[in-house]
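Participant: predicted model and sequence below, questions to follow.
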2 protein chains.
Amino acid sequence: MTAPARRGRPGYDLESLLQVAVKLFNDRGYDGTSMEDLSRKLGITKSAIYHHVPSKEELLRLAVDRALDGLFEVAESTEALDGRAIDRLEHLVRGSVLVLADRLPFVTLLLRVRGNTKAERAALARRREFDHLVTDLVKQAEAEGDVRPDIDPAIAARLLFGTVNSLIEWYRPRRGSSPEELADAVCKMAFDGLRA
Amino acid sequence: MTAPARRGRPGYDLESLLQVAVKLFNDRGYDGTSMEDLSRKLGITKSAIYHHVPSKEELLRLAVDRALDGLFEVAESTEALDGRAIDRLEHLVRGSVLVLADRLPFVTLLLRVRGNTKAERAALARRREFDHLVTDLVKQAEAEGDVRPDIDPAIAARLLFGTVNSLIEWYRPRRGSSPEELADAVCKMAFDGLRA
């Protein structure tokens, strides 16, 4: 599947093409990026791109699915756990931070999706499904007496994942904290609070 | 300063013009919105807009300053407080949520500013100044033994305001919680944790 190198430029396989596309989508917006822009950035012809992928929308779908698949793998491993809902919730939050740190450009793109195309609407639907899993887990933990009853579970779920998602605004891998330290810090604040 | 009404359309003063401009900037992006778009949206000529404001960049500056002035008023009232740093920090977080809820479109625009123009860079500089105030307050609270010592103060500050800023993604006034309930929920989670 590797495109032949042109005039000494490196060839691209689908994976490296996707990485460049996602960076461009994040920098200029998905709507603001054309296949022409992508071809110029890669230094290959548009037909060389179409050799790998039928459309810009398919690149978007592959990219946001990379993020969503990671999050749903964590959700599945969470559902397979026994024990109290609050521990499963913490497992889900921790795992989501690790996915975000590992797939940062893909999660960034996912969180900026607005719903103008079919691929974007499909991504939004999967995000909502994930959000429901989180809210259900918060409700269950509250029913088990492990989450404070004076915050609405839907708001608690939004605040939890608002905190996780806000990491895309400042976290840069290989600078400062490791993903594990970051996940620790999020869980400490969200579950036990900053107060000593 | 009210523009004369044209063909039965309502006139605009600077304030209502600014409100429409900010909504358009948030929907389409600042770069993606032209004065032509704004004039079409308002149903008035471009020269009627220029009667109020010399440029698109000036509209941006007025809008982000509306958000920043609110946040700095809270910061000033925080600095005027006596007592422990953790209580001042909580006052700052609570007040910032209230500013966000009260000036939601303006804060939304501020948080999306990327730094392509002089007005945007000035806004980013004021945001950094605000962030430093937060980090200093977290450090002080940690030195006073009131913030857990096992989270880096710079990360704690980012998580705190990441949580606050994430509200722009889902909070809509006049639907569900009041701003005060929202500020309560944020402070409960961030300072004392979700765990019962």
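Facilitator: Arrived safely, thanks for sending. Numbers count the residues shown, from 1 in each chain, chains lettered A, B, ... in the order given.
Participant: can we go C-alpha only for contacts and neighbour counts from here?
Facilitator: Fine.
Participant: quick one: name the residues of chain A near chain B.
Facilitator: Within reach of chain B by Cα under 8 Å from any Cα of the partner chain, chain A has these residues: A:145-149, A:151, A:155-156, A:159-160, A:162-163, A:165-167, A:185-186, A:188-196.
Participant: which members of these are classed as buried?
Facilitator: Burial by neighbour count, 16 or more other Cα atoms under 10 Å in any protein chain shown: within the residues of chain A next to chain B this picks out A:146-148, A:151, A:155-156, A:159-160, A:162-163, A:165-167, A:185-186, A:188-195.
Participant: pull out the buried positions in the worst-scoring helix or strand of chain A on mean pLDDT.
Facilitator: Least confident helix or strand of chain A, by mean pLDDT, DSSP states H and E, is helix A:46-50 with a mean of 92. By 16+ other Cα under 10 Å, the buried positions in helix A:46-50 come out as A:Ile49.
Participant: which ones among the buried ones among the residues of chain A next to chain B map onto helices?
Facilitator: Under the assignment DSSP state H, these contribute A:155-156, A:159-160, A:162-163, A:165, A:185-186 to helices.
Participant: could you chop chain A up by domain?
Facilitator: Following automatic domain parsing, one finds the domains of chain A at A:14-54, A:63-192.
Participant: as a markdown table, these with distance to B:Glu36 would be great.
Facilitator: Listed next are those as a markdown table, based on distance: least, Cα to Cα, whole Å:
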| stretch | distance to B:Glu36 |
| --- | --- |
| domain A:14-54 | 19 |
| domain A:63-192 | 23 |
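Participant: out of those domains, nearest to B:Asp27?
Facilitator: domain A:63-192 (10.1 Å; Cα to Cα).
Participant: can I assume A:Ala125 sits in a helix?
Facilitator: Yes. Assessed by DSSP: H, G, I helix; E, B strand; the rest coil, A:Ala125 belongs to a helix.
Participant: where in chain A is pLDDT low?
Facilitator: Chain A contains residues with pLDDT under 70 at A:1-10.
Participant: so where do the strands sit in it?
Facilitator: For chain A, applying DSSP state E gives no strands.
Participant: now the helices for it?
Facilitator: Under DSSP H, chain A gives helices at A:14-28, A:35-42, A:46-50, A:56-79, A:85-102, A:104-112, A:118-143, A:153-165, A:179-187.
Participant: for B:Asp37, which of those helices is the nearest?
Facilitator: When the helices of chain A are compared by Cα to Cα, helix A:14-28 sits nearest B:Asp37, at 19.9 Å.
Participant: quick one: residues in contact with that closest one.
Facilitator: Residues outside helix A:14-28 that contact it (Cα atoms under 8 Å, 6 or more residues apart in numbering or on different chains): A:1-2, A:30-33, A:38, A:42, A:49, A:52-53, A:59-60, A:62-63, A:105-106, A:108-109.
Participant: cutoff 7 Å now
Facilitator: A:33, A:38, A:52, A:59, A:63, A:105-106, A:109 (Cα atoms under 7 Å, 6 or more residues apart in numbering or on different chains).
Participant: for A:Ser34, which non-adjacent residue is spatially closest?
Facilitator: A:Lys56 (7.7 Å; Cα to Cα, 6 or more residues apart in numbering or on different chains).
Participant: what's the burial count for the one you found?
Facilitator: 17 (other Cα atoms under 10 Å in any protein chain shown).
Participant: can you check A:Val20 too?
Facilitator: Residues lying near A:Val20 (other Cα under 10 Å) number 14.
Participant: kindly report the same for the one 4 residues further on.
Facilitator: Residues lying near A:Leu24 (other Cα under 10 Å) number 18.
Participant: now it: how far from B:Leu18?
Facilitator: Distance, A:Leu24 to B:Leu18, by Cα to Cα, to the nearest Å: 31 Å.
Participant: repeat for A:Asp82
Facilitator: Applying Cα to Cα to A:Asp82 and B:Leu18 gives a distance of 54 Å.
Participant: the more surrounded of those two?
Facilitator: Higher neighbour count among A:Asp82 and B:Leu18: B:Leu18, with 19 against 9, using other Cα under 10 Å.
Participant: just to revisit the earlier point, what's the most buried one of the domains of chain A?
Facilitator: For these, the largest average neighbour count (mean count of other Cα atoms under 10 Å in any protein chain shown) is found in domain A:63-192, namely a mean of 18.
Participant: contacts only, for the residue positioned nearest the centre of chain A.
Facilitator: Compute the mean C-alpha point of chain A, and by Cα atoms, centre = their mean the closest residue is A:Val107, 2.5 Å away. By Cα under 7 Å, 6+ apart, A:Val107 lies in contact with A:64, A:67, A:100.
Participant: let me know the closest of the residues you listed to chain B.
Facilitator: Minimum distance to chain B across the contacts of A:Val107 is 14.7 Å, recorded for A:Leu100 (Cα to the nearest Cα).
Participant: nearest residue to the closest one other than its sequence neighbours?
Facilitator: Closest to A:Leu100 by Cα to Cα, 6+ apart is A:Val107, at 5.9 Å.
Participant: do you know how far the one you found is from A:Leu68?
Facilitator: Taking Cα to Cα, one finds A:Val107 at 8 Å from A:Leu68.
Participant: now A:Gly32
Facilitator: Look at A:Gly32 and A:Leu68: by Cα to Cα, they are 23 Å apart.
Participant: CSV for the helices of chain A, including distance to B:Arg121?
Facilitator: Output for the helices of chain A, formatted as CSV (distance: least, Cα to Cα, whole Å):
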stretch, distance to B:Arg121
helix A:14-28, 17
helix A:35-42, 26
helix A:46-50, 36
helix A:56-79, 30
helix A:85-102, 27
helix A:104-112, 22
helix A:118-143, 31
helix A:153-165, 24
helix A:179-187, 28
